[in-house]
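Asker: Here is a sequence with its predicted model. Questions after.
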Amino acid sequence: MEISLKNQVAIITGSSSGIGAGIAQSMAESGATVVINYPSESSLDKATAVLKEITDNGGMGMVCQCDVSKEDEVIIMFQSVIKKFGTVDILVNNAGIQKDSKFTEMTLDQWNAVIGVNLTGQFLCAREAIKEFLRRGIDLTRSVACGKIIHISSVHELIPWAGHANYASSKGAIKMLMQTLAQEYGADKIRVNSICPGAIQTSINKNAWQTTEELNSLLTLIPYNRIGQPQDIGNLAVFLASDMADYITGASIFIDGGMTTFESFSENG
């Protein structure tokens, strides 16, 4: 059965590359008008390239600069999208960064930078999205839901990660943010879920797969014995944004090739 997001507008934060770009491409293929968000001018060329690939294949969208950790920029982004397309139907809270360090050597700047983008950014974007969903109300020509938010979390909302305390803490907090929003706005028919990727082949984790030796080491943690691709996440995001997933809300869905089964214990630890 074909999944359609026709007539819907989707903002995908951090979509100039990696998982975000994969989600934007998948949603555009399903008929959504997509907003390719990028954080700064240095990412403009990448965002433009993602949009060009989408439009060359018959899709529609726009690029929009916004540092999601900054309240004023988030508000302007939503205002710009609503002015151009009329409303927002789907928010994919994808933007995320890593600033890795041993805990005793982690600086406050490293902590604040990751929490600012990975958690505060998701709060700010979700707040503006919900405001717009409630303003517009349900439009059955678009969806049976009033609006859909997909938080991009990580297997590290469940698995501790030494040397990445700021990142793992941000992802653990996303779970509670997502579930609280699903609880608070369920009666308004706003659906809120999280996708929790495992190892996905993107530039953010290139040092884990760029050589044969590193990739083979990574695969010892993945029972399905392959690294994930951005399209894997895109396919799930399209489903969760569609009316086919209308009874799914408040859920963390792990897409990790079985990583959270803790493969290292497969032979008694």
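Answerer: Great, that's in hand. Numbering: from 1, shown residues only.
Asker: Would you mind measuring from Asn7 to Thr33?
Answerer: If you measure Asn7 against Thr33 using C-beta to C-beta, to the nearest Å, the figure is 8 Å. C-beta coordinates here come from the backbone N, C-alpha and C atoms, glycine included.
Asker: what about Ala145, distance to Pro230?
Answerer: When C-beta to C-beta is applied, the distance between Ala145 and Pro230 equals 25 Å.
Asker: For the stretch 151-269 of the chain, just list every one of the strands.
Answerer: 190-197, 252-255 (DSSP state E, counting those that start in this stretch).
Asker: Any idea how many residues pack against Thr211?
Answerer: When neighbours are counted by other C-beta atoms under 10 Å, Thr211 registers 10.
Asker: What does the pLDDT read for it?
Answerer: According to the prediction, Thr211 has pLDDT 77.
Asker: ok, it to Ser169 distance?
Answerer: Distance of Thr211 to Ser169, given as C-beta to C-beta: 30 Å.
Asker: Could you do Gly14 as well?
Answerer: Separation of Gly14 from Ser169 (C-beta to C-beta) stands at 19 Å.
Asker: Which of the helices and strands in this protein ranks last by mean pLDDT?
Answerer: The helix or strand with the lowest mean pLDDT-type score in the chain, counting by mean pLDDT, DSSP states H and E, is helix 212-219 (a mean of 85).
Asker: Show me what it is packed up against.
Answerer: Taking 3 or more C-beta pairs under 8 Å, 6 or more residues apart in numbering; DSSP states H and E as the contact definition, helix 212-219 has no neighbouring helices or strands.
Asker: got the CA positions of it in PDB?
Answerer: Listed next in PDB are the C-alpha coordinates belonging to helix 212-219 (Å, rounded to 0.1, in the frame of the first residue of the first chain):
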ATOM      1  CA  THR A 212      37.000  -2.200   7.100                       C
ATOM      2  CA  GLU A 213      38.400  -2.800  10.500                       C
ATOM      3  CA  GLU A 214      36.300  -0.100  12.200                       C
ATOM      4  CA  LEU A 215      33.200  -1.300  10.400                       C
ATOM      5  CA  ASN A 216      33.700  -4.900  11.300                       C
ATOM      6  CA  SER A 217      34.200  -3.800  15.000                       C
ATOM      7  CA  LEU A 218      30.900  -1.900  14.800                       C
ATOM      8  CA  LEU A 219      29.100  -4.800  13.300                       C
END
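Asker: Kindly check the end-to-end length of stretch 99-115 for me.
Answerer: With C-alpha to C-alpha, to the nearest Å applied, stretch 99-115 spans 10 Å between its terminal residues.
Asker: make that stretch 103-123, sorry
Answerer: In stretch 103-123, first residue to last residue: 25 Å (C-alpha to C-alpha).
Asker: May I see the buried residues of that stretch?
Answerer: In terms of neighbour count (16 or more other C-beta atoms under 10 Å), stretch 103-123 has its buried residues at 106, 110-111, 113-123.
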